[in-house]
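Undergrad: Okay, predicted coordinates and the sequence, questions at the end:
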Amino acid sequence: MSEKVKPYKESELGKKEQVKQMFDNISGNYDGLNRVISFGTDIKWRKKIVAFLKEKSPDSILDIATGTGDLAIAMANTGAKNIVGLDLSPGMLEVGKKKVAHKNLQNTIEMVVGDSENLPFEDNSFDAITVAFGVRNFENLEKGLEEIYRVLKPEGHFVVLETSVPTKTPFKQGYQIYTKYVLPSIGNLFSKDRSAYKYLSESASVFPHGEAFNNILKKIGFIGIENKPQTMGVASIYVASK
């Protein structure tokens, strides 16, 4: 990530601590704001991940940067017996735990505090690993991906859902206006952390999406890499295996 993109200006905190504090601050409003900001399309994108993994019949799934657990909960429909949702933010996880309990999925989904760049799991632990809107928040992208590769089982599947930047007119111009002006304004109306949604839009704009991200995955050692642009290119689903 560019050093110019920081969630809190002039902060001496490291990026991990800044991101943790930011998501703790917005955890209570996060789900509702996501629905508004994405016009509900984030739900459709997650359903595509679930459909992809259901065909692979994984027994164990790790959902990194799980946040409030939307994807982890949705992946219960894959038939996996063990799903772990991991996140840096205790505030987000507390919201997620309540949602898991409401769905009576405590025996399937475990929510844990953890660092994506120092995963508390043995090598070759999971049949599938997912990250939805989280890789751009890694402090060290390659280190985080290397950890994912380490704990993924051979022939296991890695799926990333992440924002991207449309390249075609007029979607490119519309996206720029929306992320620069509209998204932060919506965040300011509903969130006590006024810098959070500005950071989220800025971090999306500098993330190495598309072929650039594919090349990083190749460098780490992943194979069978595909990226699938979604909704005119405002997001992408990346799939790869070990």
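TA: Alright, I've got the coordinates.
Undergrad: For the rest of this, base every contact and every neighbour count on C-alpha atoms.
TA: Will do.
Undergrad: and residue 17, what element?
TA: If you go by DSSP states H and E, residue 17 is part of helix 15-26.
Undergrad: CA atoms only for that helix, dumped as PDB, please.
TA: Included here for helix 15-26 are C-alpha records, laid out as PDB according to Å, rounded to 0.1, in the frame of the first residue of the first chain:
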ATOM      1  CA  LYS A  15      -1.000   0.100  10.300                       C
ATOM      2  CA  LYS A  16      -2.300  -3.000  12.100                       C
ATOM      3  CA  GLU A  17      -3.300  -1.100  15.200                       C
ATOM      4  CA  GLN A  18      -4.800   1.700  13.200                       C
ATOM      5  CA  VAL A  19      -6.900  -0.800  11.200                       C
ATOM      6  CA  LYS A  20      -7.900  -2.600  14.400                       C
ATOM      7  CA  GLN A  21      -9.000   0.700  16.100                       C
ATOM      8  CA  MET A  22     -10.900   1.900  12.900                       C
ATOM      9  CA  PHE A  23     -12.900  -1.300  12.600                       C
ATOM     10  CA  ASP A  24     -13.600  -1.400  16.400                       C
ATOM     11  CA  ASN A  25     -15.000   2.100  16.000                       C
ATOM     12  CA  ILE A  26     -17.300   1.300  13.100                       C
END
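Undergrad: residues of that helix that come out buried?
TA: Across helix 15-26, burial judged by 16 or more other CA atoms under 10 Å covers 15-16, 18-26.
Undergrad: Tell me the one among those residues nearest to residue 116.
TA: Of all these, residue 116 sits closest to residue 16, with 10.0 Å by CA to CA.
Undergrad: Excluding chain neighbours, give the residue nearest to that closest one in space.
TA: With sequence-adjacent residues excluded and distances taken as CA to CA, 6 or more residues apart in numbering, residue 16 is closest to residue 139, at 6.2 Å.
Undergrad: Residue 141 now?
TA: Computed as CA to CA, 6+ apart, the closest residue to residue 141 that is not its neighbour in sequence is residue 135, at 6.9 Å.
Undergrad: Quick check: buried residues in stretch 111-123?
TA: Buried residues in stretch 111-123 (16+ other CA under 10 Å): 111-117, 119.
Undergrad: So residue 81 versus residue 126, what's the distance?
TA: Residue 81 sits 11 Å away from residue 126, taking CA to CA, to the nearest Å as the criterion.
Undergrad: so where's the chain shaky on pLDDT?
TA: Across the chain, the ranges flagged by pLDDT under 70 are 1-13, 32-39, 166-167, 171-179, 181-201, 204-205.
Undergrad: could you pull out the strands for it?
TA: If DSSP state E is used as the criterion, the strands of the chain fall at 60-64, 82-87, 109-113, 126-132, 152-163, 223-230, 235-241.
Undergrad: Pipe those into CSV and attach distance to residue 169 per row.
TA: Output for those, formatted as CSV (distance: least, CA to CA, whole Å):
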stretch, distance to residue 169
strand 60-64, 33
strand 82-87, 36
strand 109-113, 41
strand 126-132, 26
strand 152-163, 18
strand 223-230, 15
strand 235-241, 16
